Structure formats: C-alpha cells, structure tokens
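>>> One predicted model, sequence on top.
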Amino acid sequence: MHRYAAALLPLCLPAGAVSATASAEAGAISAPAAVTVTRAAAMPAITGDARYFTGAVEVDAMFQRPSPARVGGGIVTFAPGARTAWHTHPLGQTLIVTQGYGWVQHWQGPLQALAAGDVAWIPPGVKHWHGATATSAMQHVAIAEAQDGSAVSWLEQVTDDSYPR
C-alpha cells in the first residue's frame, strides 16, 4: 500500500475498519480527543499594533494551537500603503494571498509582487516585510510555527522612503 494512502486510511474509515496490516503500515496514529471548532464571532478582529505595522491593518481569526502543535496564524488585511515592520520567523512563514495586491521583500532582496492566489514562503530566519501596495488593499492568511514559544521576532519599521510608491 502506498505510504500516504496507509497514513490517510485510518482517517477515512470508521473505527475498527482498518486492517492490522494497514494500521501497522501507517505507524502509531492516535485519534484526537475531539474536533474543536471556534466560531468566527468568538474571534473578533484586532487592529494591528503600531509597533509592528504601518498604516491600517486588521488581524482576524488569530490562532495558536496547544503543544505539542506549534502552528499559529491569522487572516491579515492591509489597507493601501499598510505593511508589516521588518521581522523574522524561527521556522519560516507561509503567506496565502486571498484578496488584492501587495509586496513581499527580504532584506537587501528584490521587491516581489503578490496577488490573490499567490503563496509566498519565507524561510526560517529571513528578515522580511510584507503588505499592501500603495494603491490596493491586500489580505493574506499568515501561517508560522513557534519555536521555544516564539513565532516571530519584530525588528525596525519599513521607512516611508524605502516603501515603493
């Protein structure tokens, strides 16, 4: 059996329906205690902190999963001209652009355009910023993993002089 099929099989069939062979091939998979759904109304949007953002930024649906999981994230909406400060992530960051147009740039690297449907990967420890263009809003899902309890290290602001107009 293909290793991915064996790993997914226990998740697709009723309890007890997986053969002992398939279970052994899949490894020791334990079922979660329960599925948790957090309703949108229970996750109010917050305004992006001026220490970490320039311009109007809203952060929705922020989440951090309990240990042993390390993943966390949120949906971030940038008004035209809004952006993050320079920052790094110890285990990297994935951005999934859902609306609008924006930018991402790593330290001393090229400015890269972002549009709805684009996915950006920022490797661990890479100093970077991201945000909307000067004329268009942008929204993205931001996902990062924490290491030793921290998912981000915030640095200096992106200056108006260095922000593309």
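Cool, got the structure. Numbering: from 1, shown residues only.
>>> wait, isn't W154 in contact with F53?
No. Using C-beta atoms under 8 Å, W154 is not in contact with F53; the gap is 9.8 Å. C-beta coordinates here come from the backbone N, C-alpha and C atoms, glycine included.
>>> any shared contact partners between those two?
Residues touching both W154 and F53 (C-beta atoms under 8 Å, 6 or more residues apart in numbering): A85.
>>> buried sites along the longest strand anywhere in the chain?
Using DSSP state E to define each element, the chain has its longest strand at strand 93-106. Using 16 or more other C-beta atoms under 10 Å as the test for burial, strand 93-106 gives 93-97, 99-106.
>>> What is that strand packed up against?
In this structure, strand 93-106 makes packing contacts with strand 71-78, strand 112-115, strand 119-122, strand 128-132, strand 138-145, judged by 3 or more C-beta pairs under 8 Å, 6 or more residues apart in numbering; DSSP states H and E.
>>> make it 10 Å
strand 71-78, strand 83-84, strand 112-115, strand 119-122, strand 128-132, strand 138-145 (3 or more C-beta pairs under 10 Å, 6 or more residues apart in numbering; DSSP states H and E).
>>> Tabulate these in CSV, adding columns for mean neighbour count, mean pLDDT and distance to M43.
Compiled in CSV, the helices and strands packed on strand 93-106 are given as follows (neighbours: other C-beta atoms under 10 Å; pLDDT from 0 to 100; distance: least, C-beta to C-beta, whole Å):
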stretch, mean neighbour count, mean pLDDT, distance to M43
strand 71-78, 20, 96, 9
strand 83-84, 24, 98, 20
strand 112-115, 15, 98, 24
strand 119-122, 15, 98, 23
strand 128-132, 25, 98, 22
strand 138-145, 21, 98, 13
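>>> Could you provide these in a markdown table, with additional columns for distance to A40?
Below are these laid out as a markdown table (distance: least, C-beta to C-beta, whole Å):
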| stretch | distance to A40 |
| --- | --- |
| strand 71-78 | 10 |
| strand 83-84 | 24 |
| strand 112-115 | 24 |
| strand 119-122 | 23 |
| strand 128-132 | 23 |
| strand 138-145 | 14 |
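>>> of all those strands, which lies closest to A61?
Proximity to A61 (C-beta to C-beta) singles out strand 71-78 among the helices and strands packed on strand 93-106, at 4.9 Å.
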